[in-house]
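J.: sequence and predicted structure, then a few things I'm wondering about:
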Amino acid sequence: MMIKKETLTAIAGTLFILGCLSMNSCKKDNEESLRNNPNGEPPPTACDTVGMKYQANVLPILTANCYKCHSANTYRTNSGLNLEDFNTLKAEAANGALLSSIKHTGTVSPMPMGAPQLSECDINKIDSWIKRGALNN
Ligand code: HEC
């Protein structure tokens, strides 16, 4: 098959332009991330707090950070408060104690007891689940 010289020139030209465009966009991305993170730290990952559900979003946080003292098996000896029982959890959400405890507002004991505060993202997730009505979903 014969390829015309003009066709080859056109293909080469297109590739050249595409290459420039993509290199330029990379350069821009890098400049942007450097400006946002002057120390070269990775950009903070966005915290998704939309449509938070009990099973998928809240339960994993409680299991990892609270069940040591607040599960059905541990609460009797460790806290006296069974947050694995949904109705108890919902009551603590409704009376404000759950949010106050993780936000360290000073109204109730700061939680998790004896451990660093939850990440802002985890706090916001629980907050938004409560705002949606603290549903058992
Ligand atoms: C190391 C044990 C421990 C861990 C872990 C822990 N708690 Fe507690 N929690 C306690 C104890 C003990 C109490 C009861 C004494 C008190 O309120 O100071 C309590 C009380 C509470 C109360 C009731 C506060 C009030 O005054 O009404 C809430 C709400 C609570 N915890 C939420 C949590 C949440 C949410 C987590 C996880 C993010 C968590 N706790 C992790 C030990 C713990």
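T.: Here it is on my side, so go on.
J.: following element in sequence after the helix or strand hosting Glu6, please.
T.: Glu6 is part of helix 5-36 when elements are defined by DSSP states H and E. Next in sequence after helix 5-36, counting helices and strands by DSSP H and E, comes helix 59-65.
J.: remind me which residues of this structure are low pLDDT?
T.: 1-3, 7-9, 11-44 (pLDDT under 70).
J.: flag every residue of it that's near the ligand.
T.: 65-66, 68-70, 78-81, 92, 97-98, 101-102, 108-109, 111-115, 118 (CB under 6 Å from any ligand atom). (Glycine included, C-beta is placed from N, CA and C.)
J.: check contacts around Tyr54.
T.: Shown in contact with Tyr54 (CB atoms under 8 Å, 6 or more residues apart in numbering): Phe86, Trp129, Ala134, Leu135, Asn136, Asn137.
J.: can you rerun that using 7 Å?
T.: Tyr54 makes contact with Trp129, Leu135, Asn136, Asn137 under the criterion CB atoms under 7 Å, 6 or more residues apart in numbering.
J.: most neighbours of all those, which one?
T.: Using other CB atoms under 10 Å as the neighbour test, these are led by Trp129, with 22 neighbours.
J.: any idea how far Thr74 lies from Lys131?
T.: Using CB to CB, to the nearest Å, Thr74 is found at 28 Å from Lys131.
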